[in-house]
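Asker: Sharing a model prediction with you, sequence too.
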Amino acid sequence: MLEIQPRRIQVVLTYILLEGDLPLNQGPNVSPGDMIKVRLAKVNPLDNTFRLEW
């Protein structure tokens, strides 16, 4: 995890070095530098977007 912002948590997928966001109101209390597990909830290759879940 990189950074906690008011409405989201910014994370880096370490295996592919891709940054993404998680909603802040879900999941346990975390702090920058923690390793967490996330799941790809939705991928849209035509729009070049993806959604992550805890």
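Answerer: Ah, there it is.
Asker: Strands of the chain, residue ranges please.
Answerer: Remark: strands assigned in the chain by DSSP state E are 3-4, 8-13, 18-23, 39-44, 49-53.
Asker: Please identify the most buried of those.
Answerer: strand 8-13 (a mean of 16; mean count of other CB atoms under 10 Å). C-beta coordinates here come from the backbone N, C-alpha and C atoms, glycine included.
Asker: Give me the mean pLDDT for that strand.
Answerer: Across strand 8-13, the average pLDDT comes to 90.
Asker: Indicate each strand paired with it and its parallel or antiparallel sense.
Answerer: Sheet pairing here is set by DSSP bridges, and for strand 8-13 it gives strand 3-4 (antiparallel), strand 18-23 (antiparallel).
Asker: Output the ones you listed as a markdown table; include the columns distance to Asn29 and mean pLDDT.
Answerer: Below are the strands paired with strand 8-13 laid out as a markdown table (distance: least, CB to CB, whole Å; pLDDT from 0 to 100):
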| stretch | distance to Asn29 | mean pLDDT |
| --- | --- | --- |
| strand 3-4 | 10 | 88 |
| strand 18-23 | 13 | 89 |
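Asker: would you turn the ones you listed into a markdown table with distance to Val38?
Answerer: Output for the strands paired with strand 8-13, formatted as a markdown table (distance: least, CB to CB, whole Å):
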| stretch | distance to Val38 |
| --- | --- |
| strand 3-4 | 15 |
| strand 18-23 | 7 |
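Asker: Quick one: the strands of the chain as CSV, columns for distance to Pro32 too.
Answerer: Shown next, in CSV, are these (distance: least, CB to CB, whole Å):
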stretch, distance to Pro32
strand 3-4, 6
strand 8-13, 9
strand 18-23, 13
strand 39-44, 21
strand 49-53, 17
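Asker: Can you give me the pLDDT of the residue lying farthest from the centre of the chain?
Answerer: Distance from the C-alpha centroid of the chain peaks at Leu46, with 20.3 Å (CA atoms, centre = their mean). Leu46 is assigned 96 on the pLDDT scale.
Asker: go on, Gln26?
Answerer: 62.
Asker: just the one 10 residues further on next, same as before
Answerer: Reading off the per-residue confidence, Ile36 sits at a pLDDT of 87.
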